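Enquirer: predicted structure and sequence below. I'll ask about it afterward.
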Amino acid sequence: MKIVVDPAVCTGHAQCASLAPDVYTVDDHGYNALRAFTVTSGLEEHARAGAISCPEGAITVLDD
Ligand code: SF4
């Protein structure tokens, strides 16, 4: 599974990292600090939950 974060859409709610801190990292202003990465094995459901929680739809989940 891969995750892609669109920085043009992210508005810094930090919901993703609040729900799944083992997957998402935010900067000092609450914006997602990541861009594109492969999810660590075993954390797929956390990654998906964090993506769904994003009120802006800034996180795209790409299943293998
Ligand atoms: S929840 Fe969405 S808008 Fe908020 S920091 Fe995460 S990616 Fe950005």
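Expert: Ah, there it is.

Enquirer: what segments of the chain are helices?
Expert: For the chain, the helices defined by DSSP state H occupy 15-19, 44-53.

Enquirer: export these as a markdown table, with columns for mean pLDDT and mean neighbour count.
Expert: C-beta here means a position set from N, CA and C on the backbone, and glycine is covered the same way. Converted to a markdown table, the helices of the chain look like this (pLDDT from 0 to 100; neighbours: other CB atoms under 10 Å):
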| stretch | mean pLDDT | mean neighbour count |
| --- | --- | --- |
| helix 15-19 | 97 | 20 |
| helix 44-53 | 98 | 17 |
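
Enquirer: ok, which of these comes nearest the ligand?
Expert: Each of the helices of the chain has some distance to the ligand by CB to the nearest ligand atom; the shortest is helix 15-19, at 3.3 Å.

Enquirer: which secondary structure elements does the closest one sit against?
Expert: With contacts taken as 3 or more CB pairs under 8 Å, 6 or more residues apart in numbering; DSSP states H and E, helix 15-19 sits against helix 44-53.

Enquirer: kindly export the helix it packs on (C-alpha atoms) in CSV.
Expert: Only the C-alpha atoms of helix 44-53 are listed here, as CSV (Å, rounded to 0.1, in the frame of the first residue of the first chain):
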residue,chain,number,x,y,z
GLU,A,44,-2.3,-0.5,6.6
GLU,A,45,-5.6,-0.2,8.5
HIS,A,46,-4.2,2.7,10.5
ALA,A,47,-3.1,4.4,7.3
ARG,A,48,-6.5,3.9,5.8
ALA,A,49,-8.3,5.3,8.9
GLY,A,50,-6.1,8.3,8.9
ALA,A,51,-6.7,8.9,5.2
ILE,A,52,-10.5,8.6,5.7
SER,A,53,-10.3,11.1,8.6
